[in-house]
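**Student:** Predicted coordinates and the sequence they were generated for:
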Amino acid sequence: MSDTASLRLDKWLWHARFLKSRTLANKLCEGARVRVNGQAAQKPAHPVRVGDVLTFPLGPYIRVVKVLALGTRRGPAPEARGLYEDLDPPTPEARLDLDGRRDPGSGRPTKADRRAIDALKGEAC
């Protein structure tokens with residue numbers, strides 16, 4: 001590919017296996033939630049080039065990746081990992097604890113803890 005080669009933003013996110021479908025990639029891009037080199041991408045067709053830095057939310061994490069290659073297909077995961085360099089890999093400590101799990105070794109939950117977990121899950125007491 002030439003130096004000016006580019007690929008649609010939504011297609012690159014799908015090729016790199018950050019999202020399961022092009023539709024989900026489109027929705028992420030349409031909300032101007034993806035930044036390309038610090039500028040908000042307003043549309044899914046925003047061009048992505050080798051060397052660009054992308055910042056976008058993915059689950060409870062904010063991902064920051066550098067584009068190393070554009071890719072021609074949505075291949076297996078090892079091939080997809082070769083398309084980018086993770087500049088800020090998510091750490092387990094940075095993960096938001098949304099599922100109500102307790103720290104290992106902290107014992108059984110008390111009655112108040114169980115009620116709080118049920119309320120978090122949306123279950124009736």
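**Tutor:** All right, it came through fine.

**Student:** And the residue nearest to the spatial centre of the chain, how far from G107?
**Tutor:** Most central in the chain under Cα atoms, centre = their mean is L58, positioned 2.7 Å from the mean C-alpha point. Separation of L58 from G107 (Cβ to Cβ, to the nearest Å) stands at 33 Å. Placement of C-beta: from N, CA and C, glycine included.

**Student:** where does the closest residue to the residue nearest to the centre of the chain other than its chain neighbours fall, helix, sheet strand or coil?
**Tutor:** Leaving out its chain neighbours, the residue that sits closest to L58 by Cβ to Cβ, 6 or more residues apart in numbering is F18, at 6.1 Å. Put simply, F18 is coil when judged by DSSP: H, G, I helix; E, B strand; the rest coil.

**Student:** Likewise for I62?
**Tutor:** Classification of I62 using three-state DSSP returns strand.

**Student:** ok, now which ones touch it?
**Tutor:** 55-56, 88 (Cβ atoms under 8 Å, 6 or more residues apart in numbering).

**Student:** on that earlier part again, which pLDDT value goes with the residue nearest to L58?
**Tutor:** pLDDT, F18: 94.

**Student:** on that earlier part again, give me the phi and psi for the residue nearest to the centre of the chain.
**Tutor:** Dihedral angles of L58 (phi, psi; degrees, to the nearest 10) stand at phi -140, psi 100.

**Student:** Tell me the bridge partners for it.
**Tutor:** L58 has these beta-bridge partners by DSSP bridges: Y61.

**Student:** That one reaches K20, doesn't it?
**Tutor:** No - the criterion here is Cβ atoms under 8 Å, and L58 misses it with K20 at 11.6 Å.

**Student:** anything in contact with each of the two?
**Tutor:** Contacts common to L58 and K20, judged by Cβ under 8 Å, 6+ apart, are absent.

**Student:** Not counting sequence-adjacent ones, nearest residue to E30?
**Tutor:** P44 (6.2 Å).

**Student:** can you confirm V65 is in a strand?
**Tutor:** Yes - counting by three-state DSSP, V65 is part of a strand.
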